[in-house]
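Chemist: mind looking at a prediction? Sequence and model below.
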Amino acid sequence: MKTIIQKVNPECFGDGELEKACDILKGGGLVAFPTETVYGLGGDALSPEAAHKIYEAKGRPSDNPLIVHIADMDSLYDVAGQIGKKAVALAEAFWPGPLTMIFPKRAKVPVSTTGGLDTVAVRMPVHPVAAALIRCSGIYIAAPSANTSGRPSPTKAEHVIEDMDGRVDMILDGGPVGIGIESTIVDMTEETPIILRPGYITKENMEKIIGAVDIDPAVLTEPKKDVAAKAPGMKYRHYAPKGKLAIVEGDSMKVIEKINMLVREREREGKKAAVIAAKESREFYRCSEVYCIGSRKNEGSIAAGLYDILRQMDHIGAEYIYAESFAEDTLGQAIMNRMLKAAGYNRIKV
Ligand code: TXA
Ligand code: MG
């Protein structure tokens, strides 16, 4: 398949520029597009054939449900049921934006889209290209992240091209995304909503609006093999670079010392090692491959840089990767959730 790659300037474009993309979507094809979190791989959410194509293009197990992207509140009532006051309050506060809510699904949403579940995950993105694409195509867009299953999610069109060229009909290149990690997912089917995947919208943000919100224990600890994951996607190894990644935790000077020691050991074995460090500590590493993920003073910069750095580790052929750890509160929780999954929960405490 020849993939059309089209540039769109998110700050300045006309709906007419999306005509081809809309035609592809309405015809059951696949279009990758930018959202504020990561790039999505879109298809018609009400078409089982489109869902199959998405799973095939990603190489994703078909029991892992897709998020349905909408552009207005009427659409929410059209695809989901039992939408309570808390959900409406969260939608008013955070939509359009990086929040995904789970509800019982309506019959029109095929189980191919929901991975066989009777619930549906819904999100209203704020990115102008994503919003215009949904509005102009007139469909609901099912979209997982536009990466090959298991790889880091794409935060630039180049990442999408790397994974999806020749596998999808079109890639809309809207430049780098703003947030860089996927939306917060909250299960609204329980009396007390439960965060299944942390993201830019934090537990504290939501509690200010609706009171108590729980966090699924699988968010920061390794999911138990015999317990079914609430978000099926969270049970798979994810976001992973090809090299062996370890997260080194503890007092910052000790972390630096330990990483320098590990790098020295690997290099003595003739292996290629790399370090992922914050801006504040990068100068303390004695390693030729030190990558700066962002500043500890600005967690947003770390989130935005994370997946690009994990992909760069593959490009340089790093066999061993040692990363500093980050605070597990607010946005740091989402960052650590992704890093721990990428590392297969390989943490070294010093
Ligand atoms: O920011 C995002 O959410 C991006 C952009 C493109 O919108 N999308 C995204 O989709 O990250 P994906 O498919 O890579 O991750 C969706 C996660 C998976 O872990 C999946 O298991 C979970 O959402 N999920 C989807 N529907 C669900 C449901 N009905 N119940 C529980 N978990 C669900
Ligand atoms: Mg994904």
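Modeler: Everything's here; your move. Ligands and ions are numbered 1, 2, ... in the order given.
Chemist: which residue ranges form the helices in the stretch 151-300 of the chain?
Modeler: Along the stretch 151-300 of the chain, counting by DSSP state H, counting those that start in this stretch, helices occupy 157-164, 203-210, 252-268, 299-315.
Chemist: end-to-end on stretch 98-115?
Modeler: For stretch 98-115, the first-to-last residue distance is 22 Å (CA to CA, to the nearest Å).
Chemist: now check it, is it near ligand 1?
Modeler: Yes: Stretch 98-115 lies within reach of ligand 1 by CB under 6 Å from any ligand atom, at 100, 102, 114. C-beta here means a position set from N, CA and C on the backbone, and glycine is covered the same way.
Chemist: residues near the residue nearest to the last one when sequence neighbours are not counted, how many?
Modeler: On the basis of CB to CB, 6 or more residues apart in numbering, the spatially nearest residue to residue 114 that is not a chain neighbour turns out to be residue 65, at 4.6 Å. Burial measure for residue 65: 24 neighbouring residues, criterion other CB atoms under 10 Å.
Chemist: same check on the one 10 residues further on?
Modeler: For residue 75, the tally of surrounding residues (other CB under 10 Å) stands at 18.
Chemist: also the one 4 residues further on?
Modeler: By other CB under 10 Å, 19 other residues sit near residue 79.
Chemist: identify the residues contacting it.
Modeler: For residue 79, the contacting residues are 45, 68, 70, 105-106, 108-109, 120, 122, 140, by CB atoms under 8 Å, 6 or more residues apart in numbering.
Chemist: who in the stretch 1-150 of the chain is up against ligand 1?
Modeler: For the stretch 1-150 of the chain, the residues in contact with ligand 1 (CB under 6 Å from any ligand atom) are 35, 37-38, 40, 64-67, 100, 102, 114, 117, 119-121, 123, 143-145.
Chemist: 8 Å instead, please
Modeler: Near ligand 1, the residues belonging to the stretch 1-150 of the chain are 35-41, 60, 64-67, 69, 98, 100, 102, 105, 114-115, 117, 119-121, 123, 125, 130, 143-147 when assessed by CB under 8 Å from any ligand atom.
Chemist: what residues of whichever strand or helix holds residue 321 count as buried?
Modeler: With the criterion set as DSSP states H and E, the secondary-structure element containing residue 321 is strand 320-324. Buried residues in strand 320-324, counted by 16 or more other CB atoms under 10 Å: 320-324.
Chemist: coming back round to it: what would the helices of the stretch 151-300 of the chain look like in a markdown table with distance to ligand 1?
Modeler: Compiled in a markdown table, those are given as follows (distance: least, CB to the nearest ligand atom, whole Å):
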| stretch | distance to ligand 1 |
| --- | --- |
| helix 157-164 | 11 |
| helix 203-210 | 16 |
| helix 252-268 | 30 |
| helix 299-315 | 11 |
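Chemist: to residue 173, which of the ones you listed lies closest?
Modeler: helix 157-164 (3.6 Å; CB to CB).
Chemist: which helices and strands sit right next to the closest one?
Modeler: Based on contacts counted as 3 or more CB pairs under 8 Å, 6 or more residues apart in numbering; DSSP states H and E, the elements that helix 157-164 packs against are strand 170-173, helix 299-315.
Chemist: reformat those as a markdown table; add mean neighbour count.
Modeler: What follows is the helices and strands packed on helix 157-164, written out as a markdown table (neighbours: other CB atoms under 10 Å):
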| stretch | mean neighbour count |
| --- | --- |
| strand 170-173 | 23 |
| helix 299-315 | 21 |
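Chemist: need the ones you listed in CSV (columns: mean pLDDT).
Modeler: Rendered in CSV, the data for those read as follows (pLDDT from 0 to 100):
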stretch, mean pLDDT
strand 170-173, 98
helix 299-315, 95
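Chemist: closest one of the contacts of residue 79 to residue 152?
Modeler: Where the contacts of residue 79 are concerned, and distances follow CB to CB, residue 152 has its nearest neighbour in residue 68, at 23.2 Å.
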